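> fold the following and give me the result.
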Amino acid sequence: MSLEYTESGYLFITPKDDCSAVVDAMLTENYSEEFCMAISFDPGFITRLMEAGFLVMSAVIENENDEAFYLVLPKLHLVRSALFFKNLHVKKSIRRFLSRYELRADSDFERIIDRCLEKHGEDWLTPPLVDCIRRIRNGEGRILPEIHNFDSHSSKNLLLPMPYVYPASFGLYRDNKLVAGEFGIVYGNVYTSYSGYYDEDNAGTVQLILTTRYLQEHGFSFFDLGMPMEYKNDLGAVDISPEQFVRLFRNIDQVLYNV
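Now for the predicted structure:
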């Protein structure tokens, strides 16, 4: 396919593009940037970007009249952090904390996303992107595939692999008080982390450990952690190439639909 670029050399993606084909072209042409650009916050378009393997971010720029203009920044990491369940490493110093907390899947989504914004600001989680994520969670832009015998939500607070993009959250509680959490995107049998926070020492690490165990126990294939960071490597995450990530990410069709 023909790719369109901005004057600064970034790939520009529009709602009329086949987002998966864009990813294929990026890999074939060895696109050297992590970010692409787009301007549409339509839930259907953002959903298709997520289905293609982009971690969707955003940014704001101001014109000479101080008017804000928001950009979509689809990101295909040049190096991606992936935590495969067999590699999970729990330090002895943290093991004694695990039993103090309870992890709840897909709980307090709105509160968790608000706390992430309070902790980290709106640098990339801009208002139109957050609004779009909330709309996608409520079903906007969703096209349900024709599959059978697929139970996505069989009971409250149960998060399973999905045949469509679904924004979800994980909350960590101590004595029924929310002390850490994160939100991300489920698509197929992959969960991609977007942002998280913690209010107590060690709670963030405990939340990641318990989330990893939850994903393993409920049919997910790996924990997509996005940008590599030292604390992720300490948990056993490894760095993979975009080609490796796309191959792993696209295996969802085989796993879910038995193709």
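> residue nearest the centroid of the chain?
Thr192 (3.1 Å; CA atoms, centre = their mean).
> can you tell me the closest non-neighbouring residue to that residue?
Nearest in space to Thr192, with sequence neighbours left out and distances taken as CB to CB, 6 or more residues apart in numbering, is Asp224 at 4.1 Å. All C-beta atoms are positioned from the backbone trio N, CA, C, and that covers glycine.
> my guess is that neighbour contacts Gly188. True?
No: checked against CB atoms under 8 Å, the pair Asp224 and Gly188 is beyond contact range at 11.0 Å.
> Glu118: what secondary structure?
With DSSP: H, G, I helix; E, B strand; the rest coil as the basis, Glu118 sits in helix.
> so Thr212 touches Leu83, yeah?
Yes: if you go by CB under 8 Å, Thr212 and Leu83 touch, sitting 6.0 Å apart.
> shared neighbours of these two, anything?
Residues touching both Thr212 and Leu83 (CB atoms under 8 Å, 6 or more residues apart in numbering) are Phe223, Leu235.
> just checking, what packs against the top helix by length along the chain?
Taking DSSP state H as the criterion, the chain has its longest helix at helix 203-217. Judged by 3 or more CB pairs under 8 Å, 6 or more residues apart in numbering; DSSP states H and E, the packing partners of helix 203-217 are helix 92-98, strand 102-105, strand 162-174, strand 177-188, strand 190-198, strand 222-226.
> please name the strands paired to the second one in the sheet, noting orientation.
Spelled out, that is strand 102-105. When sheet partners are counted by DSSP bridges, strand 102-105 sits next to strand 162-174 (antiparallel).
> got the angle for the strand it pairs with vs helix 203-217?
Interaxial angle, strand 162-174 versus helix 203-217 (axes from the mean of the first three to the mean of the last three CA atoms, to 10 degrees): 140 degrees.
> return the alpha-carbon coordinates of strand 162-174 using CSV.
Output of strand 162-174 as CSV, limited to C-alpha atoms (Å, rounded to 0.1, in the frame of the first residue of the first chain):
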residue,chain,number,x,y,z
MET,A,162,-12.1,-10.7,24.0
PRO,A,163,-12.9,-11.0,20.3
TYR,A,164,-13.0,-7.2,20.2
VAL,A,165,-11.1,-4.2,21.7
TYR,A,166,-12.2,-3.7,25.3
PRO,A,167,-10.7,-1.1,27.7
ALA,A,168,-10.3,-2.8,31.1
SER,A,169,-8.8,-2.2,34.5
PHE,A,170,-7.2,-4.0,37.4
GLY,A,171,-7.6,-2.6,40.9
LEU,A,172,-5.6,-3.6,44.0
TYR,A,173,-7.3,-3.4,47.4
ARG,A,174,-6.3,-3.5,51.0
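> please renumber the chain so that the first residue is 9 from this point on.
Okay, using 9 as the starting number, the last item reads as strand 170-182.
> centre of the chain versus that strand, how much separation?
10 Å (CA atoms, centre = their mean, to the nearest Å).
> could you do stretch 202-213 as well?
16 Å.
> can you pull the buried residues of that stretch?
For stretch 202-213, the neighbour count (16 or more other CB atoms under 10 Å) marks Tyr202, Ser203, Gly204, Tyr205, Tyr206, Asn210, Ala211, Gly212, Thr213 as buried.
> okay, Asp232 and Gly196: which has more neighbours?
Asp232 (26 against 22; other CB atoms under 10 Å).
> what sits against that one?
Asp232 neighbours (CB under 8 Å, 6+ apart): Arg88, Ser89, Ala90, Gly192, Val198, Tyr199, Thr200, Ser201, Phe253, Phe257.
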